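Enquirer: how would this look folded up:
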Amino acid sequence: MNGDSLGTVQRSRRQSLRASAAYGAVPGVLAAAYAIGTWSSAGRGPMLSVAAALVLFAAFGWAMAGRIARTRWWIWIQVAASAVSLAGSAVLGLLDGGVGGPLGTFIPLSVVLMAIALPPRMFVVSAGLGVVAYTVLLVSGDPPPAGYPLVHALGFASVAVLSLRHSAVLASLRRRLADSSRTDPLTGCLNRRGFDERVAAELAEAESTGAPVTLVLLDLDHFKQVNDTYGHRAGDELLAWTGKELRAELRAHDVVGRQGGDEFVMLMPGMDAAGAVTVVERLRERLRACAPGSLGHATLTADAPDYAGLLLVADQRLYQDKAARVRRAPTAEAVAGARSLMGPSGPMRAVEARERRRHSIADPGWMSITQTCVALVYALVFVSDHAHRAGMVALSAWGFLTGLAVVAGAGWMSRSRLARPFMLAFAVSSFVCCGAIAVLDGGVDQPLGIGMLLPIPLLMLGMRPEVMAPVAVAAGGLYVLAGVFVGDPGGWYIAIQVLGTAAAATACAMQGRSAARQRRLLTKLSRVDALTDVLNRRGFAERFAAETAYARRTGRDVALLVLDLDGFKRLNDAHGHAAGDELLRWVAATLRAGTHPHDIVGRLGGDEFVILLSTDGAGDDPFAVAAGLRATLAARTGVSIGVAVLGVAGDDFDDLYAIADARLYHEKQLVRQQQKQQARRYAGSGRRGNRLATGDHPGRHP
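Expert: Residues are numbered from 1 along each chain as shown. Have a look, this model is predicted:
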């Protein structure tokens with residue numbers, strides 16, 4: 001692992017450790033305030049001492065988080081710290097009388113906080129310790145009201161499980177986005193960013209162990225002719241087939257990357273120079289059928305001492321291979337064979353759009369289902385003779401049905417603009433329903449009273465805090481009103497429950513906001529070309545779908561421009577890939593500068609760029625824009641551009657791309673014909689000049 005990656009991992013660990021320390025301090029702070037506020041009651045001295053010890057322990061954990069993050073035992077230290085927090089919460093609960101007292105919820109509240117701070121496997125360990133601590137508190141403390149332990153245990157457990165599930169979904173989403181940000185969307189190989197990261201890690205490992213590492217470069221033969229003859233789509237299919245074959249031929253721990261265009265690079269840890277020769281021949285033979293290419297290889301320490309040297313040696317051998325072989329462009333049969341062997345499926349599964357939003361909508365529905373099921377069990381088992389039993393059952397049934405409707409409609413709502421008002425209405429209905437059930441049960445200190453507060457942390461974790469914060473504040477206010485006017489729970493009971501829930505909700509909101517920042521960054525990285533900083537194939541496809549759908553709804557005119565640089569392959573061969581990369585960056589910057597901010601610029605791969613152009617307004621004729629871009633780019637490179645207008649040339653990307661690609665190559669052929677005619681004229685002028693100089697011309701005799 002390279003220094004940057006190691007630093008990122010350690011920062012993530014440090015943040016997790018500090019979050020756990022902060023959460024562990026919550027019971028101590030609340031218990032200290034409670035002990036001071038009720039000092040005249042028995043046991044407040046020991047209670048304050050335990051609370052102070054928890055706060056000091058949390059402060060020590062916060063201060064030592066950096067050092068702990070650098071050890072291999074950091075996760076077990078974090079679990080041990082959670083065990084200390086649970087033990088302290090159990091002691092505080094015992095000093096306060098048991099699970100029915102104001103401090104009796106500290107253990108299940110701590111479990112909820114652990115659900116968002118610990119990895120799933122470690123959470124299971126901590127949750128088991130929490131069950132043991134809560135059981136000890138239940139058995140050793142004063143008897144609580146009938147059904148109180150069951151309702152609280154199941155209620156908090158459902159929140160913890162749903163929070164853990166939500167965090168796991170977000171973690172999975174981040175992992176897949178991170179993979180997408182490092183993967184070429186066409187071939188499924190690593191892109192430049194992903195390959196460079198793996199190279200740094202593998203070379204650092206090789207340096208520490210002394211093991212050899214082999215680098216192999218591949219450049220397909222006359223790939224430009226495939227694009228020129230059969231179109232870019234055929235070229236894309238050939239590249240995808242090549243990436244698939246390379247991954248299939250190499251070992252699982254070998255690394256395959258696409259550097260751009262038809263250039264692939266492979267890193268094989270543990271492969272020595274003798275083995276590299278064998279692997280290169282195997283690769284050459286495997287690709288010969290559809291995509292023959294030139295290969296060059298170099299092995300660490302045997303050929304060069306570092307990565308830069310490996311690249312230089314491998315590149316030199318690649319060009320020696322080019323010169324030594326008779327290179328031919330793939331035939332039509334080879335291109336068709338690659339298409340048939342690829343099959344209908346793409347190289348990788350993309351992250352589904354609106355996946356996070358769908359889960360965030362469904363989770364409150366699941367919360368309502370679980371909470372109302374707990375309330376139904378309580379109403380049917382523990383209060384068979386309660387005067388308001390029928391009302392509690394009816395309200396619980398309503399909460400169950402509305403939660404079920406939200407879960408069932410989560411997919412539709414994730415795509416609808418009405419999702420926010422629907423979810424706000426559901427949240428209001430859910431909290432009012434829980435409040436009514438608590439009032440019918442006799443007050444907030446009764447078993448079902450906690451149901452008014454339990455959904456708040458989960459809502460703050462899954463939904464936007466700025467949207468849900470007013471609802472959470474209103475729910476807390478409703479809880480306070482119910483506590484003041486119904487029953488006699490006591491002010492400290494109300495305060496501890498509200499403040500504990502507020503702490504959990506704040507922690508969940510911070511966790512959700514941090515996850516959202518990571519998702520936004522990873523989403524950008526997965527959709528932006530690492531070399532040119534314009535959209536890559538994946539990002540352009542998503543923006544194309546969204547923008548064309550909007551154009552159809554509003555009647556706006558848009559056009560697709562496909563651009564292909566002239567002579568780019570010769571530039572790479574003559575001046576090296578660094579010169580080609582610099583030109584590609586300049587072209588991307590020039591395209592962005594030459595279009596409107598609302599136009600969309602992308603790079604599909606190699607020297608192929610695309611632009612989704614808005615053609616509304618005067619002077620926005622797409623053919624005129626193409627002519628202007630052609631003239632601007634002529635300062636450094638020739639370019640062929642094909643144009644297709646939505647609704648005229650087609651209604652989807654495939655149709656527009658096919659038309660624009662055909663027009664691009666028609667333009668390219670015209671340019672070639674003009675160049676040939678000019679060459680013939682120049683050649684004729686040269687021959688006439690020679691004849692004049694020697695006296696050998698018509699009409700003159702020696």
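Enquirer: show me the contacts for Trp366.
Expert: With contact taken as CB atoms under 8 Å, 6 or more residues apart in numbering, Trp366 is in contact with 162, 403, 407. Where you see a C-beta, it was placed from the backbone N, CA and C, and this is true even at glycine.
Enquirer: what would these look like in TSV with secondary structure, neighbour count and pLDDT?
Expert: Shown next, in TSV, are those (DSSP: H, G, I helix; E, B strand; the rest coil; neighbours: other CB atoms under 10 Å; pLDDT from 0 to 100):
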residue	secondary structure	neighbour count	pLDDT
Leu162	helix	23	86
Gly403	helix	25	93
Val407	helix	17	93
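Enquirer: low pLDDT regions in this protein?
Expert: The chain contains residues with pLDDT under 70 at 1-9, 340-354, 616-620, 671-672, 675-702.
Enquirer: mind giving me the domain ranges of it?
Expert: Following automatic domain parsing, the chain resolves into domains at 1-144, 188-342, 353-527, 537-689.
Enquirer: do you know which of those lies nearest Ala153?
Expert: Ala153 sits nearest to domain 1-144 of all the domains of the chain, at 6.5 Å, using CB to CB.
Enquirer: circling back: compare the domains of the chain and give me the one nearest Val169.
Expert: domain 353-527 (4.9 Å).
Enquirer: ranges for the helices of the stretch 401-550 of the chain?
Expert: In the stretch 401-550 of the chain, the helices defined using DSSP state H, counting those that start in this stretch lie at 410-414, 419-441, 455-462, 465-485, 491-527, 537-554.
Enquirer: Please disregard the earlier target; I meant the stretch 51-200 of the chain.
Expert: For the stretch 51-200 of the chain, the helices defined by DSSP H, counting those that start in this stretch cover 65-69, 74-95, 106-117, 120-140, 148-181, 192-209.
Enquirer: could you say what helices and strands the shortest one packs with?
Expert: Yep, that's helix 65-69 we're talking about. Here helix 65-69 is seen to pack against helix 3-37, helix 74-95 when contacts are counted using 3 or more CB pairs under 8 Å, 6 or more residues apart in numbering; DSSP states H and E.
Enquirer: Need the residues that contact that helix.
Expert: 10-11, 13-14, 17-18, 21, 61, 74, 77-78.
Enquirer: Could you pull out the buried residues of it?
Expert: 65, 68-69 (16 or more other CB atoms under 10 Å).
Enquirer: Out of the contacts of Trp366, which is nearest to Val439?
Expert: Gly403 (20.2 Å).
Enquirer: With adjacent residues omitted, what lies nearest to that closest one?
Expert: Excluding the flanking residues, the one nearest Gly403 by CB to CB, 6 or more residues apart in numbering is Ser368, at 3.0 Å.
Enquirer: Just give me the neighbour total for the one you found.
Expert: Per other CB atoms under 10 Å, the neighbour tally for Ser368 reads 29.
Enquirer: Quick one: distance of stretch 272-285 to the chain centre.
Expert: A distance of 36 Å separates the centroid of the chain from that of stretch 272-285, by CA atoms, centre = their mean, to the nearest Å.
Enquirer: Send over it as CSV, restricted to the C-alpha atoms.
Expert: Output of stretch 272-285 as CSV, limited to C-alpha atoms (Å, rounded to 0.1, in the frame of the first residue of the first chain):
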residue,chain,number,x,y,z
ASP,A,272,10.5,-12.9,-13.3
ALA,A,273,12.1,-12.1,-16.7
ALA,A,274,12.0,-15.7,-18.0
GLY,A,275,8.4,-16.0,-17.1
ALA,A,276,7.6,-12.7,-18.8
VAL,A,277,8.8,-14.0,-22.2
THR,A,278,6.4,-16.9,-21.9
VAL,A,279,3.5,-14.8,-20.8
VAL,A,280,4.0,-12.3,-23.7
GLU,A,281,4.0,-15.1,-26.2
ARG,A,282,0.8,-16.5,-24.7
LEU,A,283,-0.9,-13.1,-24.8
ARG,A,284,0.2,-12.7,-28.4
GLU,A,285,-1.2,-16.0,-29.4
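Enquirer: Isn't Arg630 up against Val639?
Expert: Yes: between Arg630 and Val639 there is a contact at 5.7 Å, judged by CB atoms under 8 Å.
Enquirer: Which one of the two is surrounded by more residues?
Expert: Val639 (25 against 15).
Enquirer: and the spatially closest residue to the more buried one that is not a sequence neighbour, how many neighbours does it have?
Expert: Excluding the flanking residues, the one nearest Val639 by CB to CB, 6+ apart is Leu633, at 4.8 Å. Number of residues near Leu633 (other CB under 10 Å) recorded here: 21.
Enquirer: Please apply the same query to Val393.
Expert: Neighbour tally, Val393, other CB under 10 Å: 16.
Enquirer: ok, it - contacts?
Expert: 376, 379-380 are the contacts of Val393 under CB under 8 Å, 6+ apart.
Enquirer: Dump those residues into CSV; add distance to Thr209 and neighbour count as well.
Expert: What follows is the contacts of Val393, written out as CSV (distance: CB to CB, whole Å; neighbours: other CB atoms under 10 Å):
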residue, distance to Thr209, neighbour count
Leu376, 61, 17
Ala379, 65, 26
Leu380, 65, 13
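Enquirer: Export these as TSV, with columns for distance to Phe544 and secondary structure.
Expert: Listed next are the contacts of Val393 as TSV, based on distance: CB to CB, whole Å; DSSP: H, G, I helix; E, B strand; the rest coil:
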residue	distance to Phe544	secondary structure
Leu376	49	helix
Ala379	54	helix
Leu380	55	helix
